[in-house]
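[1] Structure for this input, please:
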Amino acid sequence: MTTILLPTTVDGVPRLPAGVRAVPYDVTAPPPPEAADADAVVVWGNPGDRLAELARAARRVRWVQALAAGPDAVLAAGFGEDVVVTSGRGLHDATVAEHVLALVLACVRRVPDLVRAHDAHRWADELGGRQPLHPPGEVRTLLDAHVTVWGFGSIAARLAPLLRGLGADVTGVARTAGERHGFPVVTPDDLPDVLPRTDVLVALLPDLPATRGAVDARALGLLPARAWVVNAGRGSTLDEDALLAAVRAGRLAGAALDVVATEPLPASSPLWDEPRVLVSPHAAGGRPVGWTALVEDNVARFVAGRPLRNVVERDDA
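    Predicted coordinates:
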């Protein structure tokens, strides 16, 4: 009998083959007794301390399925090096792309400024009426805008056509250059050429040693003053102090952050008070669309001894 632990934090129940026992568990509670004999664990929304407890209790586990696109929490929990970790890559493409598009449009169409004017009962003439399509030094539309997406994976593949459909020119940045899904992709070595002509920088980077702090003062300094920064990858990849300094000095137009280094963002953070920074409470994903189908497929593969989908290479972590 193969035992798999399933979190109660998600809707739906995967259809499992005969000989596989599913044990539901509360991610906020101590590990259930069945953890000691579990062969596999599905992780979603587990607090870090409880996940570490589960890693210690599940001594026989051979496979951990994360439903998050980024497996960093699982990799940090303490599961053995021989445990296969698979990610939820693909489960959040649609919802994250939708939210990132909303944040990009909020920036270029000045939605936070509109809301503040609305709350003040002020007709914001500077934001409406007759105006040039491309005001000098400003980005007011995605038409003819250059959007750079740093971290060109499956989410970017869903997002880029939406941006192009609204008139933007999209360039991806990834470890390997070439063409992906019909879009040009360059490497980080090419950023000095790409960032100076970027109107919106979208960061979708995972939390890896090579990406932590990647969007630093140097990278931000390459952007023109009209540019906006949208971060929906991991908060650890962006130097928030450098971002805030650049925005306050007028070296950047502003930013929209769905992820921050410390979550929840402390009430004392200066990011809250900067009118050119829009904070979104890690709201882009949160809904692993199609998770049951992924788990069903991977369980069948696990039982049959076949390679699993979305295996995380430990060398990248």
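
[2] going forward, measure contacts between C-alpha atoms and count neighbours the same way
    Noted.

[3] low pLDDT regions in the chain?
    Residues of the chain that meet the criterion pLDDT under 70 lie in 315-317.

[4] tell me the contacts of the closest residue to residue 96 other than its chain neighbours?
    Residue nearest to residue 96 in three dimensions, not counting chain neighbours: residue 284, with 4.5 Å by CA to CA, 6 or more residues apart in numbering. Contacts for residue 284 (CA atoms under 8 Å, 6 or more residues apart in numbering) come out as 95, 96, 97, 98, 99, 100, 232, 258.

[5] What of residue 9?
    Residues near residue 9 by CA under 8 Å, 6+ apart: 26, 27, 44, 45.

[6] Using CSV, please lay out the residues you listed together with secondary structure and neighbour count.
    What follows is the contacts of residue 9, written out as CSV (DSSP: H, G, I helix; E, B strand; the rest coil; neighbours: other CA atoms under 10 Å):
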residue, secondary structure, neighbour count
26, coil, 15
27, coil, 21
44, coil, 22
45, coil, 17
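
[7] can you list the residues you listed in a markdown table and add distance to residue 250?
    Listed next are the contacts of residue 9 as a markdown table, based on distance: CA to CA, whole Å:
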| residue | distance to residue 250 |
| --- | --- |
| 26 | 47 |
| 27 | 44 |
| 44 | 40 |
| 45 | 38 |
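
[8] Tell me the one of those residues nearest residue 67?
    Taking CA to CA as the measure, residue 67 sits nearest to residue 44 out of those, at 5.6 Å.

[9] and the closest one, backbone torsions?
    When read as degrees, to the nearest 10, the backbone of residue 44 gives phi -160, psi 120.

[10] any idea how far residue 75 is from the spatially most central residue of the chain?
    Among the residues of the chain, the one closest to the centroid is residue 233, at 3.1 Å (CA atoms, centre = their mean). From residue 233 over to residue 75 the distance is 17 Å, taken as CA to CA, to the nearest Å.

[11] On the three-state scheme, residue 179 is what?
    When classified by DSSP: H, G, I helix; E, B strand; the rest coil, residue 179 comes out as strand.

[12] Which strand residues bridge it?
    Per DSSP bridges, the residues bridged to residue 179 are residue 184.

[13] Give me the distance between it and residue 186.
    Separation of residue 179 from residue 186 (CA to CA): 9 Å.

[14] after the lengthiest helix in the chain comes which helix or strand?
    Longest helix in the chain, counting residues (DSSP state H): helix 93-108. Counting by DSSP states H and E, the element after helix 93-108 in chain order, helix or strand, is helix 111-119.

[15] Contacts for that following helix, please.
    By CA under 8 Å, 6+ apart, helix 111-119 touches 105, 106, 123, 124, 127, 275, 278.

[16] what about the helices in the stretch 1-150 of the chain?
    Ranges of helices in the stretch 1-150 of the chain, per DSSP state H, counting those that start in this stretch, are 48-57, 72-75, 93-108, 111-119.

[17] ok, and what's touching the third one?
    In other words, helix 93-108. So helix 93-108 is in contact with 111-112, 139-142, 154-156, 158-159, 162-163, 200, 228, 230, 232, 254-256, 283-285, 287, going by CA under 8 Å, 6+ apart.

[18] Among those, name the buried ones.
    For these, a burial check counting by 16 or more other CA atoms under 10 Å picks out 111, 139-142, 154-156, 158-159, 163, 200, 228, 230, 232, 254-256, 284-285, 287.

[19] Filter those down to the ones in helices?
    Checking the buried ones among the contacts of helix 93-108 against DSSP H, those in helices are 111, 154, 155, 156, 158, 159, 163.

[20] Please spell out which residues along stretch 177-190 are buried.
    So, applying 16+ other CA under 10 Å, buried residues of stretch 177-190: 183, 185, 186, 188.

[21] any chance of these in TSV, plus distance to residue 34?
    TSV is the format used below for the buried residues of stretch 177-190 (distance: CA to CA, whole Å):
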residue	distance to residue 34
183	47
185	46
186	47
188	46
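
[22] between these, which is nearest residue 51?
    Distances from residue 51 to the buried residues of stretch 177-190, taken by CA to CA, are shortest for residue 188, at 33.5 Å.

[23] How about that closest one, nearest residue that isn't a chain neighbour?
    residue 173 (6.3 Å).
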